[in-house]
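**Q** Sequence plus the predicted model coming up.
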Amino acid sequence: MWLVPFQAQGAYLRTRGLGPGFAKLWTATAVSNLGDGVTLVAGPLLAASLTRDPRLVAGLAVAQRLPWLLFSLVSGALVDRLDRRLLMVRVDAARCVAVGLLGVAVLADMATLPLLYAVFFALGTAETLFDSAAISILPAVVPKAQLPRANGRLLSAQMVANELVAPPLGGLLFAAAAALPFLLDAGTFAAAAALVAAIGGRFRVERPEGAAPTTLRSEIAEGVRWLARHRLLRILAVAIALMNLTLAATLSISVLYAQERLGLGSVGYGLLLSAVAVGGISAGLVAERVIGWLGPATTMRLGLVIESSTHLVLALARSPYVVGAMFALFGFHAMTWSVISVSLRQELIPARLLGRVNSAYALFGFGSLSLGAVAGGLLAARYGLTAPFWCSFAAMSVLTVACWPILSARAMAQARAQAAADADPPSA
């Protein structure tokens with residue numbers, strides 16, 4: 001089974017090896033992430049205005065991430081069955097309607113916690129489809145050799161829009177009128193859907209003629225088995241699960257941490273979160289060089305050290321400037337890690353399995369976020385706001401020690417060699 005490739009045209013981006021299809025995908029990513037980031041800031045602020053219970057505030061993050069536990073495997077199988085571009089268009093249209101309805105409810109002073117949970121659950125469900133499709137479509141849009149560069153550009157756009165511009169903008173808009181962030185997000189989803197729809201070509205996995213029909217269940221099982229048998233990606237999946245679990249445990253109560261421990265208001269909270277993007281943008285500019293200099297394995301090892309240190313510093317700090325600086329360093333690590341991880345998966349996973357294997361990987365990475373959010377809310381309610389940070393530091397320290405000998409240059413070289421051998425046609 002093969003993906004019908006997008007025929008790139010356009011002088012400027014062609015010379016850079018990325019093509020006009022990537023330009024539309026990049027723009028759609030930037031636009032939708034701006035609106036999405038505004039909502040992700042405004043949502044917790046709205047929840048905090050309705051309740052001061054850390055468990056109920058953290059419940060919003062649970063509602064958003066729970067779909068990754070429930071639906072990611074099914075979503076991945078659908079991505080491998082359907083036209084990935086059309087699926088992305090339809091999902092963005094659905095997200096536009098969902099967040100638009102929330103904006104209208106806030107405008108009419110009818111917003112409640114159950115409604116907020118329901119909309120964030122719907123957005124999370126749509127995300128399981130959209131994100132799997134977006135990762136799977138990229139190898140058909142840009143040449144294989146350009147995947148790290150293209151992923152760096154996309155992740156940079158996402159970080160600039162979602163974590164640099166959106167947080168302070170979301171805080172400002174929420175302070176001006178609570179409905180504005182959600183209505184803006186609805187508009188950005190509509191614009192992104194139009195941009196993705198403008199990408200020419202078909203992006204559907206073509207089945208060979210005469211192939212026996214398969215069930216959704218058997219297709220899901222095939223993707224899960226492939227990931228389970230691939231040692232390197234299996235280890236990275238487990239690592240990202242614990243990394244995201246500990247991160248969610250702290251971020252789920254970050255609005256209360258910023259307000260009560262650091263003394264920040266809504267605008268200050270948004271600015272604090274945008275510090276992550278400062279580091280991420282810096283990494284986006286130099287990630288290729290850093291990875292080339294240190295190698296993917298060493299870069300990932302150092303990333304684990306940075307992630308562990310982040311939780312320790314946040315547990316001890318009371319200055320928003322210290323926390324902001326640590327967030328910036330964390331953003332540099334997160335961007336660099338993502339470029340390596342996503343590019344490796346796109347390179348190592350066969351095209352026909354990209355949706356299913358990536359969704360199985362996401363089950364670890366994103367599914368753990370909902371569990372972390374639950375843990376963070378419970379720990380903060382029982383032991384205080386810094387308890388999630390201390391527990392996260394301990395867990396990440398153990399992970400760093402365990403993964404250090406496993407994340408080696410030799411392991412990555414062997415995985416690439418095996419993928420190349422599997423891709424070679426059999427000898428006549």
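**A** Yep, it's here. Numbering: from 1, shown residues only.

**Q** Can you give me the buried ones in the helix or strand hosting residue 357?
**A** For residue 357, the host element (DSSP states H and E) is helix 354-365. Neighbour-count burial for helix 354-365 flags 354-365 (criterion: 16 or more other C-beta atoms under 10 Å). Heads up, the C-betas are built off the backbone N, CA and C, glycines and all.

**Q** what sits up against it?
**A** Taking contacts as C-beta atoms under 8 Å, 6 or more residues apart in numbering, the residues outside helix 354-365 that touch it are 68-69, 72-73, 75-80, 84, 128, 131-133, 135-136, 139, 219-220, 222-224, 226-227, 233, 236-238, 240-241, 244, 345-346, 349.

**Q** Scan the protein for its longest helix.
**A** helix 19-50 (DSSP state H).

**Q** relative to helix 19-50, how tilted is the host helix or strand of residue 281?
**A** In the assignment (DSSP H and E), residue 281 maps to helix 266-294. Between helix 266-294 and helix 19-50, the angle formed by their directions is 140 degrees, by axes from the mean of the first three to the mean of the last three C-alpha atoms, to 10 degrees.

**Q** Going C-terminal from helix 266-294, what's the next secondary structure element?
**A** For helix 266-294, the succeeding helix or strand toward the C-terminus, using DSSP H and E, is helix 296-316.

**Q** Tell me the first helix or strand C-terminal of that following helix.
**A** As assigned by DSSP H and E, the chain's next helix or strand after helix 296-316 is helix 320-348.

**Q** Packing partners of that following helix?
**A** Of the remaining helices and strands, those touching helix 320-348 by 3 or more C-beta pairs under 8 Å, 6 or more residues apart in numbering; DSSP states H and E are helix 113-137, helix 147-159, helix 231-251, helix 266-294, helix 296-316, helix 354-365, helix 409-423.

**Q** change it to 6 Å
**A** Contacts defined by 3 or more C-beta pairs under 6 Å, 6 or more residues apart in numbering; DSSP states H and E place helix 320-348 against helix 147-159, helix 266-294, helix 296-316.

**Q** and those helices, which is most packed in?
**A** Stretch with highest mean neighbour count among these: helix 147-159 (a mean of 22; mean count of other C-beta atoms under 10 Å).

**Q** hey, where'd the helices end up in the stretch 51-200 of the chain?
**A** Listed in chain order, the helices of the stretch 51-200 of the chain (DSSP state H, counting those that start in this stretch) span residues 54-81, 84-107, 113-137, 147-159, 166-176, 180-197.

**Q** Show the average pLDDT along the third one.
**A** Same thing as helix 113-137. Computed over helix 113-137, the mean pLDDT rounds to 90.

**Q** and the angle from it to helix 320-348?
**A** Note on geometry: by the same axes, to 10 degrees, helix 113-137 and helix 320-348 are set 40 degrees apart in direction.

**Q** and the buried residues of helix 354-365 as TSV, adding distance to residue 64 and pLDDT?
**A** Supplementary listing: the buried residues of helix 354-365 in TSV, determined by distance: C-beta to C-beta, whole Å; pLDDT from 0 to 100:
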residue	distance to residue 64	pLDDT
354	24	88
355	21	88
356	23	89
357	23	91
358	19	85
359	17	85
360	20	87
361	19	89
362	14	82
363	15	83
364	17	85
365	14	81
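
**Q** okay, those residues in TSV with distance to residue 41 next?
**A** Supplementary listing: the buried residues of helix 354-365 in TSV, determined by distance: C-beta to C-beta, whole Å:
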residue	distance to residue 41
354	31
355	30
356	33
357	32
358	27
359	27
360	30
361	27
362	23
363	26
364	26
365	22
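
**Q** ok, so of the residues you listed, who is nearest residue 411?
**A** Distances from the buried residues of helix 354-365 to residue 411 were compared by C-beta to C-beta; the smallest belongs to residue 361, at 16.9 Å.

**Q** Would you check how far apart that closest one and residue 280 are?
**A** Spatial separation of residue 361 from residue 280 under the definition C-beta to C-beta, to the nearest Å is 21 Å.

**Q** One more: residue 310?
**A** Counting by C-beta to C-beta, the separation of residue 310 from residue 280 is 13 Å.

**Q** just residue 221 next, same as before
**A** Relative to residue 280, residue 221 is positioned 36 Å away (C-beta to C-beta).

**Q** ditto for residue 139
**A** Distance, residue 139 to residue 280, using C-beta to C-beta: 23 Å.

**Q** To residue 386, which of the helices and strands packed on helix 320-348 lies closest?
**A** Among the helices and strands packed on helix 320-348, helix 296-316 sits nearest to residue 386 (C-beta to C-beta), with 4.9 Å.

**Q** list the helices and strands that closest one packs on?
**A** Packed against helix 296-316 by the contact rule (3+ C-beta pairs under 6 Å, 6+ apart) you find helix 320-348, helix 387-403, helix 409-423.

**Q** Tell me which other helices or strands the second one touches.
**A** When you say that, I think you mean helix 387-403. For helix 387-403, the packing partners by 3+ C-beta pairs under 6 Å, 6+ apart come out as helix 231-251, helix 296-316, helix 367-383.

**Q** With distance to residue 56 added, can I get those helices in CSV?
**A** As requested, the helices and strands packed on helix 387-403 are arranged in CSV below (distance: least, C-beta to C-beta, whole Å):
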stretch, distance to residue 56
helix 231-251, 16
helix 296-316, 22
helix 367-383, 8
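
**Q** now these as JSON lines including mean pLDDT and distance to residue 287?
**A** Rendered in JSON lines, the data for these read as follows (pLDDT from 0 to 100; distance: least, C-beta to C-beta, whole Å):
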{"stretch": "helix 231-251", "mean pLDDT": "90", "distance to residue 287": "17"}
{"stretch": "helix 296-316", "mean pLDDT": "93", "distance to residue 287": "9"}
{"stretch": "helix 367-383", "mean pLDDT": "84", "distance to residue 287": "23"}
